[in-house]
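A.B. asks: What follows is a predicted structure for the sequence shown.
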Amino acid sequence: MTLKPIDTSRPHPARMYDYYLGGKDSYPVDEEAAERVISFLPAIRVAARTNRGFMNRAARLLADRGVHQFLDIGTGIPTEPNLHQVVQAVNPQSRVVYVDNDPVVLRHAEALLRSTPEGATKYIEADVREPGKIIEGAQEILDFEEPVALSLVALLHFVSDEYGPYDLVNELLAPLPSGSFLMLSHVTGDFDPAGWDKAVEIYRKSGIPAQVRSRDEFARFFTGLDLIDPGVQVVTNWHPEPDQEFADEQVPLYVGVAQKP
């Protein structure tokens, strides 16, 4: 893989997210922006951690249902357990394609490509706004004659309306066969509109096209799909772990998983 230079002149959402999680793969510019967001929204750190938990639970649930192909867009900096580790623990033959456009993630791609001998992993450097490139690359590993789980976890709040996020999701789903799944999580301003207005402003001033969405706006991404129980929920209410640490129902994150009929 060709390593592009890392732009440390402005924040990047993947590195800010890593900072929220307590990781070390961020730069001063990311940490400064992240701390400004935290000053308005202390719950952002909880949202980041609960989002990782959702990804793990949703991926494991689908793997338990027999899904063995996953297309994960907006992968972010690797944080164990990564998606392939979760699903290959259920089915070692699982195949996973990761997609991200951050050179820092590319530098960590080796960790994402440590597949079981029976399975496979692949990394594609692309933006979610390049669905054709993503699908073409994914087809080198995934069989589009069999169900695929499309994961867009904590990504679409970085695709503002001018980029047509609903159309992008539909373009990514279109070539996937019946029985495929869509996994989504998305931050919301429903519980703290003023705080999120300030946070979005910080992201946008950094060149990141952020946009929070309401519950109804989030649910619209599942139009035409069959939501699995318990439907669209605040993350803490979606198949919570028995020892779940966070019980606050107002963690500002909606989640859902749905199947393509």
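C.D. replies: Great, that's in hand.

A.B. asks: When you work out contacts or count neighbours from here on, use the C-alpha atoms and nothing else.
C.D. replies: Fine.

A.B. asks: And P42, how close does it get to G22?
C.D. replies: P42 sits 14 Å away from G22, going by C-alpha to C-alpha, to the nearest Å.

A.B. asks: Can you list the residue ranges for helices in the stretch 151-261 of the chain?
C.D. replies: Along the stretch 151-261 of the chain, counting by DSSP state H, counting those that start in this stretch, helices occupy 165-173, 193-205, 215-219.

A.B. asks: Among those, which comes closest to P103?
C.D. replies: helix 193-205 (19.0 Å; C-alpha to C-alpha).

A.B. asks: Which residues outside that closest one are in contact with it?
C.D. replies: A33, R36, V37, F40, L41, T188, G189, P209, A210, Q211, V212 (C-alpha atoms under 8 Å, 6 or more residues apart in numbering).

A.B. asks: which one of the helices of the stretch 151-261 of the chain has the lowest average pLDDT?
C.D. replies: Ranked by mean pLDDT, the helices of the stretch 151-261 of the chain bottom out at helix 193-205, which scores a mean of 93.

A.B. asks: Tell me where the stretch 51-200 of the chain is predicted with low confidence.
C.D. replies: Within the stretch 51-200 of the chain, no stretch has pLDDT under 70.

A.B. asks: quick one: the strands in it?
C.D. replies: 69-73, 95-100, 120-125, 149-153, 181-187 (DSSP state E, counting those that start in this stretch).

A.B. asks: To P175, which of those strands lies closest?
C.D. replies: strand 149-153 (11.3 Å).

A.B. asks: which secondary structure elements does that closest one contact?
C.D. replies: helix 44-64, strand 69-73, strand 181-187 (3 or more C-alpha pairs under 8 Å, 6 or more residues apart in numbering; DSSP states H and E).

A.B. asks: Could you dump the ones you listed into JSON lines with mean neighbour count added?
C.D. replies: Shown next, in JSON lines, are the helices and strands packed on strand 149-153 (neighbours: other C-alpha atoms under 10 Å):
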{"stretch": "helix 44-64", "mean neighbour count": "20"}
{"stretch": "strand 69-73", "mean neighbour count": "26"}
{"stretch": "strand 181-187", "mean neighbour count": "25"}
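
A.B. asks: With just CA atoms, put stretch 76-90 into CSV.
C.D. replies: Extracted C-alpha coordinates of stretch 76-90, given in CSV (Å, rounded to 0.1, in the frame of the first residue of the first chain):
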residue,chain,number,x,y,z
GLY,A,76,-11.3,4.3,12.0
ILE,A,77,-8.1,3.6,13.9
PRO,A,78,-8.0,-0.1,15.0
THR,A,79,-9.2,-0.7,18.6
GLU,A,80,-9.4,-4.3,19.8
PRO,A,81,-11.6,-6.2,19.4
ASN,A,82,-11.8,-5.1,15.7
LEU,A,83,-14.8,-6.2,13.7
HIS,A,84,-13.0,-9.2,12.0
GLN,A,85,-11.9,-10.5,15.4
VAL,A,86,-15.5,-10.4,16.7
VAL,A,87,-17.0,-12.2,13.7
GLN,A,88,-14.2,-14.6,13.0
ALA,A,89,-14.5,-15.8,16.7
VAL,A,90,-18.0,-16.9,15.7
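
A.B. asks: Cool, thanks, signing off.
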